[in-house]
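> this is a predicted model, with the sequence first.
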Amino acid sequence: MNADITASLASLQVGRPQLLQHGAKQVLSGIFKSASEEPHQVRFLGIDGDGQGDTIHHGGADKAICAYFVKRYPYWSEQRGRPIPNGAFGENFSMTHWTEEQLSIGDIIGIGDTVLQISQPRQPCYKLGLRNEWPELPALAQQTGYTGFYFRVLQEGTVKTGDSFVIHELHKAKFTIAEANRVMYKEKTNKRAIESLLEVEELAASWRDQLTARLHKLAE
């Protein structure tokens, strides 16, 4: 990708966890977020005013900020037959211009005075289906690779809607978010591809653990 190409923050969403009805039980989730025009402080563990319900699988240093691509929403709107707006994937950052094919694990990106690094693709779970009243959506996101991704925070700062993203450093491995998704969901027995992804030191610990366990199972 041309490092001179910049994207912008089309919308910024934050929200506190709330109870969602899931069958006969309720689950706590932060997937419902509201757009904010105010500046927000970005910290190493997330954005002020935001939170996660399941802190085992969401949040933490490797998943401080969830980001999604505005370019994907027309596709989902067409598939669903109704408008799917920014924030529908529960993301904090709705980003213009880029897609999963253009950004790589380990890329370092600035916005305002904040410095971020791509750590892993987002792994869609059933709560995405609850959020959009579309149970098939998590599986569809995995199949298409239109998952979005997570940032870790390298330098804390302040962000607001309309701010520009600027590439600080493209990772030398150039292992894109799209390629990482293919390894996780489609090339599950491709040892060479798994090993190549694991060579990217900046890959989040959760993905590293899953893929290492898969390699061990393939070796049995």
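The structure has been received and is ready for your questions.
> buried sites along the longest helix along the chain?
With residue count as the measure and DSSP state H as the assignment, the chain has helix 205-218 as its longest helix. By 16 or more other CB atoms under 10 Å, the buried positions in helix 205-218 come out as Ser206, Trp207, Arg208, Leu211, Arg214. Placement of C-beta: from N, CA and C, glycine included.
> so what touches that helix?
Helix 205-218 is contacted from outside by 57, 62-63, 120-121, 180, 183-184, 188-189, 191, 194-195, 197-198, using CB atoms under 8 Å, 6 or more residues apart in numbering.
> would you put the C-alpha positions of that helix in CSV?
Below are the C-alpha coordinates for helix 205-218, written out as CSV (Å, rounded to 0.1, in the frame of the first residue of the first chain):
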residue,chain,number,x,y,z
ALA,A,205,-1.3,-13.4,21.9
SER,A,206,-4.8,-14.8,21.5
TRP,A,207,-4.3,-15.6,17.8
ARG,A,208,-0.8,-16.9,18.5
ASP,A,209,-2.1,-19.3,21.1
GLN,A,210,-4.9,-20.6,18.8
LEU,A,211,-2.6,-21.1,15.8
THR,A,212,0.1,-22.7,17.9
ALA,A,213,-2.4,-25.2,19.3
ARG,A,214,-3.6,-25.9,15.7
LEU,A,215,-0.1,-26.6,14.6
HIS,A,216,0.5,-29.0,17.4
LYS,A,217,-2.8,-30.8,16.6
LEU,A,218,-1.8,-31.1,12.9
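> can you give me how far that helix is from the chain middle?
Distance of helix 205-218 from its chain centroid, counting by CA atoms, centre = their mean, to the nearest Å, is 19 Å.
> go on, stretch 137-150?
Distance, centroid of stretch 137-150 to centroid of chain: 10 Å (CA atoms, centre = their mean).
> distance of Leu9 from Val70?
Using CB to CB, to the nearest Å, Leu9 is found at 10 Å from Val70.
> more neighbours, these two?
Neighbour count, other CB atoms under 10 Å: between Leu9 and Val70, Leu9 has more, with 21 against 18.
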